[in-house]
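> Output the structure for:
(chains A and B)
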Protein chains: 2
Amino acid sequence: MPEVKFYYFHVKVAGEAIRMLLAYGSQEFEDIRLSDEEWAALKPTMPFGQLPVLEIDGKKYAQSIAISRYLGRKYGLAGKDIEEDFQIDQVMDFFGDLRTRAIALFHEEDEANKAKIQKEYEKNYYPVTLKKLNEIITENNGHLALGKLTWADFVFAGIYDCLRVLLKIPDIDEQFPNFKKLQKSVLSIPKVKAYCDKAPKADW
Amino acid sequence: MPEVKFYYFHVKVAGEAIRMLLAYGSQEFEDIRLSDEEWAALKPTMPFGQLPVLEIDGKKYAQSIAISRYLGRKYGLAGKDIEEDFQIDQVMDFFGDLRTRAIALFHEEDEANKAKIQKEYEKNYYPVTLKKLNEIITENNGHLALGKLTWADFVFAGIYDCLRVLLKIPDIDEQFPNFKKLQKSVLSIPKVKAYCDKAPKADW
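Numbers count the residues shown, from 1 in each chain, chains lettered A, B, ... in the order given. You can find the predicted model right below:
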């Protein structure tokens, strides 16, 4: 078995999908959760100077979605051809817009502007996007694509606790019941559950 | 040959890579460039209610990067295995962050805030990101990944004229000479050049 290290912080956010995919693939890995000080020292050695980074036998892999797709294809969680892979990628890109915008808003430092954008998103962006996403899950038998479990579901399940905090929609689980259900279905896969049960607890 | 339609606006931005990939693949297509009024009428019929959309024999494909990857794999512009595909995806995700942030800034309506973010990006984000991207192209023999032409180069070449406007770095071509060179190398591929020569001209 290859020697695998996973570098990230002690949060789920963009890293949990990768941890869960590794667990699904029965791949043992060193789950390295860096402090800010440790990260400052390591940053220059990492591709793009960013985390998360997966290291397999000394070779470094960066960018969380690219890594998730790679592991998904490795562990039989991708499509059977380029048509099916496209179906997954299409939904991941749509979801990626939501993730990117929510995270950018979280990092907005100007409080007045942050409140303004939040209001605008709550009015014009979140409702239509979340409704669409909820519909997609209905159409796909409780999953994001292909009507079955794919690596995209891991990406969603891994970041959902974070997303819920970022979006600030108190009744999101009631309004869009598919989200929590999809997350639960991934977290209850026995190998994934075994990882989650013994992993250090992070809120989001 | 399948019947292909490509729906977008009369701009290059996120659509030109797809047009060029279709040309590279010798795929004839109807290059539909919608006015805002035409788009408003079509929007409800499109996946995710967004453009660009590619239609192949009546089946619709959305999300520009997902489409580019799909066409890239179809036309022999992807990796030979999941390791190589990962190398492409990793750089595409890194580049995607730049693209997303620059476009979000363009759409920022508060002029004072826009100027503030532009200044902050010019100081802390653009220089390090563009330097890294320029290095990646040097390391990859004038390309973005695998040391050879891939679909990622088409994505870059297609959006570069737009990016140059968005980033507002007057001497970007001199500071990072690989960018213009990479774009030129894609645009000079005979089938791509033939498309560009006869396509309606758009500035960005």
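> Which residues are in contact with the nearest residue to residue A:122 once chain neighbours are set aside?
Closest residue in space to residue A:122, ignoring its immediate chain neighbours: residue A:169 at 7.5 Å, by C-beta to C-beta, 6 or more residues apart in numbering or on different chains. From N, CA and C alone the C-beta is placed, and that goes for glycine too. Residues near residue A:169 by C-beta atoms under 8 Å, 6 or more residues apart in numbering or on different chains: A:122, A:126, A:130, A:175.
> same check, this time on residue A:132
A:94, B:48, B:49.
> Test for you: state the pLDDT assigned to it.
In this model, residue A:132 is scored at 97, pLDDT.
> any idea which helix or strand of chain A has the worst average confidence?
helix A:111-120 (a mean of 90; mean pLDDT, DSSP states H and E).
> ok, residues contacting that helix?
So helix A:111-120 is contacted by A:105, A:108, A:168, B:110, B:113 (C-beta under 8 Å, 6+ apart).
> Give the PyMOL command for selecting the buried subset of those.
Provided next is the PyMOL selection string for whichever of the contacts of helix A:111-120 are buried by 16 or more other C-beta atoms under 10 Å in any protein chain shown:
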select buried, (chain A and resi 105+108) or (chain B and resi 113)
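> Tell me the secondary structure at residue A:5.
Using DSSP: H, G, I helix; E, B strand; the rest coil, the secondary structure recorded for residue A:5 is strand.
> Without its sequence neighbours, what residue ends up closest to the residue sitting nearest the centre point of chain A?
What sits nearest the mean C-alpha location of chain A, by C-alpha atoms, centre = their mean, is residue A:155, with 3.3 Å. Counting by C-beta to C-beta, 6+ apart, residue A:155 lies nearest to residue A:17, which is 4.5 Å off, once chain neighbours are set aside.
> who's in contact with the one you found?
Residue A:17 touches A:64, A:68, A:151, A:154, A:155, A:157, A:158, A:159, counting by C-beta under 8 Å, 6+ apart.
> Okay, buried residues for the helix or strand where the fifth one lies please.
Under DSSP states H and E, the secondary-structure element containing residue A:155 is helix A:151-167. By neighbour count on 16+ other C-beta under 10 Å, the buried set for helix A:151-167 is A:151-164, A:166-167.
> can you check stretch A:92-109 too?
Neighbour-count burial for stretch A:92-109 flags A:92-99, A:101-102, A:104-105, A:108 (criterion: 16+ other C-beta under 10 Å).
> do the same with stretch A:31-47
A:31, A:32, A:34, A:46.
> Stretch A:138-151 now?
Buried-residue list, stretch A:138-151, by 16+ other C-beta under 10 Å: A:140, A:142, A:143, A:144, A:145, A:146, A:149, A:150, A:151.
> which one of those residues sits closest to chain B?
residue A:145 (10.8 Å; C-beta to the nearest C-beta).
> where does the closest one fall, helix, sheet strand or coil?
Classification of residue A:145 by three-state DSSP places it in coil.
> Please give me every residue in contact with it.
A:87, A:88, A:90, A:91, A:136, A:152.
> who does whichever strand or helix holds residue A:90 touch, helix- and strand-wise?
Element membership for residue A:90 (DSSP H and E) is helix A:82-107. If you count contacts as 3 or more C-beta pairs under 8 Å, 6 or more residues apart in numbering or on different chains; DSSP states H and E, helix A:82-107 packs onto helix A:64-74, helix A:111-120, helix A:126-139, helix A:151-167, strand B:59-62, helix B:64-74, helix B:82-107.
> Now the shortest one: buried residues?
By neighbour count on 16+ other C-beta under 10 Å, the buried set for strand B:59-62 is B:61, B:62.
> before we move on, back to that, grab the two from the buried residues of stretch A:138-151 that are most spread out in space.
The span of the buried residues of stretch A:138-151, defined through C-beta to C-beta, is set by A:142 and A:151 at 15.5 Å.
> and the gap between the nearest residue to residue A:126 once chain neighbours are set aside and residue B:150?
Distances taken as C-beta to C-beta, 6+ apart put residue A:167 closest to residue A:126, at 6.2 Å, once the chain neighbours are dropped. Residue A:167 sits 35 Å away from residue B:150, taking C-beta to C-beta, to the nearest Å as the criterion.
> Repeat that for residue A:55.
Distance from residue A:55 to residue B:150, by C-beta to C-beta: 24 Å.
> okay if I get the contacts of residue A:132 as JSON lines plus distance to residue B:59?
Shown next, in JSON lines, are the contacts of residue A:132 (distance: C-beta to C-beta, whole Å):
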{"residue": "A:94", "distance to residue B:59": "17"}
{"residue": "B:48", "distance to residue B:59": "15"}
{"residue": "B:49", "distance to residue B:59": "17"}
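> of the contacts of residue A:169, buried ones?
Judged by 16+ other C-beta under 10 Å, buried ones among those: A:126, A:130.
> And the contacts of residue A:169, which is closest to residue A:41?
residue A:126 (38.1 Å).
> And chain A, split by domain according to the record?
Annotated domains of chain A cover A:4-76+A:190-198, A:82-187 [automatic domain parsing].
> Out of these, the one nearest residue B:79 is which?
domain A:4-76+A:190-198 (10.6 Å).
> What mean pLDDT does the closest one get?
98.
> Once you drop chain neighbours, what's closest to residue A:54?
Closest residue to residue A:54 apart from its sequence neighbours, by C-beta to C-beta, 6+ apart: residue A:61 at 4.3 Å.
> what sits against that neighbour?
Contacts of residue A:61 by C-beta under 8 Å, 6+ apart are A:47, A:53, A:54, A:55, A:67, A:70, B:86, B:90.
> Got a PyMOL select line for the buried ones in these?
Selecting the buried subset of the contacts of residue A:61 in PyMOL, with 16+ other C-beta under 10 Å as the burial test, is done by:
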select buried, (chain A and resi 53+54+55+67+70) or (chain B and resi 86+90)
